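*Asks:* quick one: sequence and predicted model below, then my questions.
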Amino acid sequence: MKVACFKMLKLRNIIYKKSKPLIIFIQMKNILFPFLFIVLVIVSCETSRKVAIQPQSKGGNSYIEEYKDLAIKEMKRSGVPASITLAQGMLESDYGRSTLALKANNHFGIKCHNDWTGGRIYHDDDRKGECFRKYRDVYESFKDHSDFLTGVSRYDFLFDYEITDYKSWARGLKRAGYATSHTYAKKLIELVERYQLYRYDRQTTRYKMTFSADPQSLGNVDDYAISHSGHTVRTRNRIDYIIVKEGDTFRSLTDELDMMPWQLPKYNEIDKNAKLEPGQILYLQPKRNKAARGYDIHIVKEGDTLHSISQLYGIKLKKLCKKNDMEPGDQLEQGMKVWLRKNKPDTEDSQKKNDTKSDN
């Protein structure tokens with residue numbers, strides 16, 4: 001009997017030793033399986049969420065395809081290279097996927113600033129809850145981006161670069177403080193070259209360009225004209241303009257040039273009901289903040305006004321007045337100097353310094 005019991009105990013120990021891994025596996029299974037089930041559920045949810053979002057996201061090519069026409073349109077209107085506009089839009093809006101782009105149509109991260117009277121949205125950026133501009137549609141954002149660059153004086157120097165010089169534009173934007181990132185210019189240049197955005201900078205006009213052999217007495221400082229079925233479109237200070245002919249009206253020119261009714265009066269700073277005179281300059285784009293290089297001073301001739309000078313050189317009247325510390329209606333004396341690129345020097349201080357030197 002004792003021998004039989006001993007053999008049974010020995011057999012049980014052998015069976016236990018051989019089945020121990022199986023017992024441990026069963027115990028671990030009771031712990032691991034619920035955990036693995038939870039992990040699988042989470043992964044499944046994440047995958048479903050990504051699949052649901054993916055069709056709505058934009059990549060570089062789809063962003064370009066959707067907005068390149070807006071960038072080209074703004075380049076023709078304002079002189080900001082289409083490549084730079086697209087690269088900034090892609091970078092600032094994360095290809096149209098950012099919160100500001102989706103909720104406010106803001107593709108360039110432009111903040112409200114003191115002069116903004118449009119819609120607003122508050123978003124965390126450099127500081128918590130900063131105010132950003134909100135637009136009715138994406139084109140309004142693209143247009144405001146162009147107006148922002150042409151209207152803020154610290155960006156004036158950018159328009160001295162060729163419209164095809166995207167590298168100088170990118171570095172200039174960084175230098176002027178558009179963004180705080182040290183690699184901002186490098187990122188813009190990389191985007192322009194990766195997607196060959198420079199191709200769109202060559203579409204600066206819808207008209208065929210031909211060189212003009214007849215220099216105008218008014219001065220075509222860019223030395224070329226553009227053929228057109230009605231009027232010859234010339235360029236001065238990198239702005240398209242025409243010369244008014246007999247019988248021209250705002251309405252006839254608006255129809256001919258495919259423009260909006262408000263554009264010609266606004267760009268030329270004249271009343272919409274004003275009568276146009278033959279020989280008069282009419283700009284087809286906003287004027288600039290200063291004259292082209294090489295045109296620093298204008299010597300007043302008989303009949304000159306601040307407005308006629310602003311038209312002659314393609315300078316905004318308000319900017320011209322500010323440079324010369326004058327008002328739009330001020331009378332000009334024949335022979336006096338009008339400053340076109342820099343502010344008028346303080347002649348009184350200069351005279352005092354000269355008098356002091358003379359006394360010494």
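*Replies:* Received it, and whenever you're ready, just let me know what you need. Numbers count the residues shown, from 1 in each chain.

*Asks:* shaky segments in the stretch 251-360 of the chain?
*Replies:* Flagging of the stretch 251-360 of the chain using pLDDT under 70 yields the residue ranges 347-360.

*Asks:* which residues in it form helices?
*Replies:* Secondary structure of the stretch 251-360 of the chain (DSSP state H, counting those that start in this stretch): helices at 263-268, 306-313, 317-324, 347-359.

*Asks:* give the other helices and strands that the first one contacts.
*Replies:* What that stands for is helix 263-268. helix 250-257, strand 281-283 (3 or more Cβ pairs under 8 Å, 6 or more residues apart in numbering; DSSP states H and E). The way it works is simple: take the backbone N, C-alpha and C, and place the C-beta from them, glycine included.

*Asks:* try it again with 6 Å
*Replies:* Here helix 263-268 touches strand 281-283, going by 3 or more Cβ pairs under 6 Å, 6 or more residues apart in numbering; DSSP states H and E.

*Asks:* which strands and helices sit next to the strand it packs on?
*Replies:* strand 239-243, helix 263-268.

*Asks:* of these, which approaches residue 278 most closely?
*Replies:* strand 239-243 (8.2 Å; Cβ to Cβ).

*Asks:* contacts for that closest one, please.
*Replies:* 231, 233, 234, 281, 282, 283, 284, 285, 314 (Cβ atoms under 6 Å, 6 or more residues apart in numbering).

*Asks:* residue 195: which of these is nearest?
*Replies:* Of all those, residue 285 has the smallest distance to residue 195: 26.1 Å, by Cβ to Cβ.

*Asks:* could you find the closest non-adjacent residue to residue 62?
*Replies:* Excluding the flanking residues, the one nearest residue 62 by Cβ to Cβ, 6 or more residues apart in numbering is residue 95, at 7.7 Å.

*Asks:* ugh, wrong one, I meant residue 202
*Replies:* In space, residue 202 is closest to residue 164, 6.9 Å off (Cβ to Cβ, 6+ apart).

*Asks:* so that neighbour makes contact with residue 197?
*Replies:* No. Using Cβ atoms under 6 Å, residue 164 is not in contact with residue 197; the gap is 11.2 Å.

*Asks:* neighbour count for these two, which is higher?
*Replies:* residue 197 (24 against 14; other Cβ atoms under 10 Å).

*Asks:* run through the residues that contact that one.
*Replies:* Contact partners of residue 197, counting by Cβ under 6 Å, 6+ apart, are 83, 86, 87.

*Asks:* okay, the residues you listed in CSV with secondary structure next?
*Replies:* Shown next, in CSV, are the contacts of residue 197 (DSSP: H, G, I helix; E, B strand; the rest coil):
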residue, secondary structure
83, helix
86, helix
87, helix
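
*Asks:* want to throw those into TSV with distance to residue 127?
*Replies:* Below are these laid out as TSV (distance: Cβ to Cβ, whole Å):
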residue	distance to residue 127
83	31
86	28
87	26
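
*Asks:* show me which of those are buried.
*Replies:* 83, 86, 87 (16 or more other Cβ atoms under 10 Å).

*Asks:* looking at the residue nearest to residue 256 when sequence neighbours are not counted now. What's its pLDDT?
*Replies:* Using Cβ to Cβ, 6+ apart and skipping residues adjacent in sequence, the residue nearest residue 256 is residue 230, 4.7 Å away. We have a pLDDT of 77 for residue 230.

*Asks:* try residue 221
*Replies:* Predicted confidence (pLDDT) at residue 221: the value is 40.

*Asks:* next one: the one 3 residues further on
*Replies:* pLDDT, the model's per-residue confidence, is 44 for residue 224.

*Asks:* mind putting the buried ones among the contacts of residue 197 in TSV, pLDDT included?
*Replies:* Output for those, formatted as TSV (pLDDT from 0 to 100):
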residue	pLDDT
83	96
86	97
87	97
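
*Asks:* quickly find the element holding the residue nearest to residue 202.
*Replies:* Taking DSSP states H and E as the definition, one finds residue 164 inside no helix or strand.

*Asks:* ok, now how distant is the nearest residue to residue 249 once chain neighbours are set aside from residue 231?
*Replies:* Computed as Cβ to Cβ, 6+ apart, the closest residue to residue 249 that is not its neighbour in sequence is residue 276, at 6.4 Å. In this structure, residue 276 and residue 231 are 12 Å apart, going by Cβ to Cβ, to the nearest Å.

*Asks:* ok, back up a step: make JSON lines out of the contacts of strand 239-243 and add distance to residue 337.
*Replies:* Below are these laid out as JSON lines (distance: Cβ to Cβ, whole Å):
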{"residue": "231", "distance to residue 337": "33"}
{"residue": "233", "distance to residue 337": "31"}
{"residue": "234", "distance to residue 337": "26"}
{"residue": "281", "distance to residue 337": "22"}
{"residue": "282", "distance to residue 337": "27"}
{"residue": "283", "distance to residue 337": "24"}
{"residue": "284", "distance to residue 337": "29"}
{"residue": "285", "distance to residue 337": "28"}
{"residue": "314", "distance to residue 337": "19"}
